[in-house]
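> model the structure of this input:
(one chain, ligands or ions: 2)
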Amino acid sequence: MKLGGIEAGGTKFVLAIGDEYGGIFEKTVIPTEHPEITVPKVIAFFEGKGIERLGLGGFGPIDINQNSKSYGQIQNTPKTDWVGYPLGAALKDSLGVEVVIDTDVNVAAMSEAKWGNAKDVDSCLYITVGTGIGAGAYFHGQTLKGLSHPEMGHIKVARHPDDTYKGTCPYHYDCLEGIAAGPSLEKRWGKKGHELAENDKVWEMEAFYLAQALTNYIYILSPERIIMGGGVMKQQQLFPLVRHKVLEMLNEYVSSPHLTEAEIDQYIVPPGLTDEAGIKGALYLAAT
Ligand SMILES: Nc1ncnc2c1ncn2[C@@H]1O[C@H](COP(=O)(O)OP(=O)(O)OP(=O)(O)O)[C@@H](O)[C@H]1O
Ligand SMILES: [Zn+2]
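Ligands and ions are numbered 1, 2, ... in the order given. As a prediction, the model looks like this:
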C-alpha cells in the first residue's frame, strides 16, 4: 500500500511516502514553525502523490481517541502556537484520506518492536530526549493508551543538589522535561547541547535526571527493553552514565538478569532504526 507518514516533533516535521513494511520511497524534513506556516508545507508534500492513508505520530498532548470530536487536535502543549490546532482534521480535509493518529513516541516504540532494537521482545519503552521529553510504549502488539496517552516526560524527579535552574516547562516548571530536555540544557549552561560535549558535570546531572525517570518507568511498566532516542541522546557518553545510575537507584530491588552490570548494555539501548524509528512507525500506523 502507498502510505504517507508524518513524525511531528517540536523542532522538525519528518514527512515520508512509503509502505507498511518499513519501506521509505521519499522523505523530507521541514522545521516546526507556526501551524499556519508548517501545515501548508506538509499538505504540499503529500498532494498528488496518491497515498491511500496517512499515519501521524505527533508530539503530545494530542487527542488520540478515534471516537472523539477533536481527534487529532493538539491540546495544552508547551509549544503554545499549536494549542488547540486541529492537525488531524486539517490534514484529512485537505488530502481527502483517512488520518490515523498516535504519539510520536508510541509509534517509535512500535517500529523499534517491529524492526529495530526490540524486535526480539514483546514489549518496549521508547523515550525521546529532544526539544521535549516524551515516552511511549508498545506491549504485546499495542501501543500504550488509556484515558489519553502517557505523558511520561512531565513527571517530577528529585533535584540534583547542584541544580538551581528553575525549569522551562510552562505548566510545571521543573518537571523532567523542564529540567532535562535540550532547551533546558541550553538555558542552564548557556550553550546548546552539542557544544557541551566536553563538560562532564552536564552529563552527570543529565544522567541523574534520566535515570530517575527510567527507574520509575521500570517500576510502573516493567518493559522488556528501553530505547533512548532524540537529539540529546546523540551524546553517547550518556548511555553508560544512565545505565550505571539506573542500577544504583534500583539497588537490586527488581530481579532480572537484564538489570545487572552484565546485561544492562543490552537493556537500555539507542534506537536500532537510528533517526527513522518515528517515521517508520508513522507509516506502519497508517496501515492499521
Ligand atoms: N548532538 C547533540 N547533543 C546534545 N543535544 C543535541 C544534539 N543534537 C540536538 N540536540 C538538542 O536536541 C534538541 C532537538 O531534539 P530532536 O532533534 O530530537 O528534535 P525534535 O524531534 O524536534 O524534538 P521532540 O521530539 O522533543 O519534539 C535541541 O534542544 C538540541 O539542542
Ligand atoms: Zn511539564
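
> where does I74 fall, phi/psi-wise?
phi -70, psi 140 (degrees, to the nearest 10).

> show me the contacts for it.
For I74, the contacting residues are G58, F59, P61, I62, W82, V83, G84, Y85, P86, L87, by CB atoms under 8 Å, 6 or more residues apart in numbering. C-beta: built from backbone N, CA, C; applies to glycine.

> state the distance from it to A89.
11 Å (CB to CB, to the nearest Å).

> ditto for H34
18 Å.

> could you flag which of the contacts of I74 are buried?
G58, F59, P61, I62, W82, Y85, P86, L87 (16 or more other CB atoms under 10 Å).

> spatially nearest residue to the fifth one, not counting backbone neighbours?
Taking CB to CB, 6 or more residues apart in numbering, and ignoring the residues beside it in sequence, W82 has I74 as its nearest neighbour in space, at 4.5 Å.

> who's that neighbour bridged to?
I62 (DSSP bridges).

> any idea how far it is from V42?
Counting by CB to CB, the gap from I74 to V42 is 14 Å.

> likewise for I127?
For I127, the distance to V42 (CB to CB) stands at 25 Å.

> cool, T32 as well?
Taken as CB to CB, the span from T32 to V42 is 11 Å.

> with neighbour numbers in mind, choose between these two.
Each of T32 and V42 has its neighbours counted (other CB atoms under 10 Å); V42 has more, 24 against 18.

> how about the more buried one, secondary structure?
helix (DSSP: H, G, I helix; E, B strand; the rest coil).

> neighbouring contacts of stretch 188-196?
163, 165, 179, 182, 185-186, 199, 202-203, 231-232, 234-235.

> give the buried subset of those residues as a PyMOL selection command.
Filtering the contacts of stretch 188-196 down to the buried ones (16+ other CB under 10 Å) takes a single PyMOL command:
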select buried, resi 163+165+179+182+185+202+203+231+232+235
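
> want to throw the contacts of stretch 188-196 into a markdown table with distance to A211 and secondary structure?
Converted to a markdown table, the contacts of stretch 188-196 look like this (distance: CB to CB, whole Å; DSSP: H, G, I helix; E, B strand; the rest coil):
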| residue | distance to A211 | secondary structure |
| --- | --- | --- |
| D163 | 14 | coil |
| Y165 | 18 | coil |
| I179 | 14 | helix |
| G182 | 18 | helix |
| L185 | 16 | helix |
| E186 | 21 | helix |
| N199 | 18 | coil |
| V202 | 15 | helix |
| W203 | 12 | helix |
| G231 | 19 | helix |
| V232 | 14 | helix |
| K234 | 18 | helix |
| Q235 | 14 | coil |
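
> which one of the contacts of stretch 188-196 is nearest to A8?
G231 (15.3 Å; CB to CB).

> touching, V99 and Q73? I think so.
No. Look at V99 against Q73 with CB atoms under 8 Å: they stay out of range, at 11.9 Å.

> mind listing what the residue nearest the centre of the chain touches?
Geometric centre of the chain, nearest residue: V105, 3.4 Å, by CA atoms, centre = their mean. V105 makes contact with G57, Y126, I127, T128, G134, A135, G136, G278, according to CB under 8 Å, 6+ apart.

> could you work out the most separated pair of those?
Longest span within the contacts of V105, CB to CB: G57 and I127, 14.3 Å.

> more neighbours, those two?
Under the criterion of other CB under 10 Å, the comparison of G57 against I127 puts G57 first, with 33 against 26.
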